[in-house]
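Colleague: Let me see the structure of the following:
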Amino acid sequence: MGKYICQRPIHPGELLKEETEERKLSQRRLAEQMGISYKVLNDILNCRRPITTQTAMLFEAALGISASLLMRMQLDCNMQQAAADPSFMERLKQVRKYAAML
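Modeller: Okay, here's the model as predicted:
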């Protein structure tokens, strides 16, 4: 069986933005509650900034959304970005070629 690859990973910010809008939460108030800047929160919710382990844990505490789920979503996005980078993929190809000769 082949490896499953998600066609379009969802940035965790999309899920978090939907959740905050559904709950009618102010971004400023949520940022204050979480102890992060409004800009950082806004960048995450608008998918301009990745979440970190710490921010995932803060979102879990504030919204009850699993930090593990958020981190898996972020990892999927990171992997897709790496796979879409031609210079990185060329480097990866060279490493695989070298490893095959060992």
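Colleague: Distance check, the most centrally placed residue in the chain against residue 50.
Modeller: Most central in the chain under Cα atoms, centre = their mean is residue 74, positioned 2.4 Å from the mean C-alpha point. According to Cβ to Cβ, to the nearest Å, residue 74 stands 5 Å off from residue 50. From N, CA and C alone the C-beta is placed, and that goes for glycine too.
Colleague: Overlap in contacts, those two.
Modeller: Listed as contacting both residue 74 and residue 50 by Cβ atoms under 8 Å, 6 or more residues apart in numbering are residue 11.
Colleague: picking that back up, which of the residues in the helix or strand the residue nearest to the centre of the chain falls within are buried?
Modeller: Following DSSP states H and E, one finds residue 74 within helix 67-83. By neighbour count on 16 or more other Cβ atoms under 10 Å, the buried set for helix 67-83 is 67, 70, 71, 73, 74, 76, 77, 80.
Colleague: ok, residues contacting that helix?
Modeller: 6, 8-12, 15-16, 50-51, 53, 56-57, 59-60, 88-89.
Colleague: ok, of those residues, which come out buried?
Modeller: Neighbour-count burial (16+ other Cβ under 10 Å) is assigned, among those, to 9, 11, 12, 15, 16, 50, 51, 56, 57, 59, 60.
Colleague: the helices in this protein, which residues?
Modeller: 12-22, 27-34, 38-45, 53-63, 67-83, 86-101 (DSSP state H).
Colleague: Residue 24 versus the closest residue to residue 38 other than its chain neighbours, what's the distance?
Modeller: What sits nearest to residue 38 in space, not counting adjacent residues and going by Cβ to Cβ, 6 or more residues apart in numbering, is residue 31, at 4.6 Å. Note on residue 31: its distance to residue 24, by Cβ to Cβ, is 15 Å.
Colleague: That concludes my questions; thank you for your assistance.
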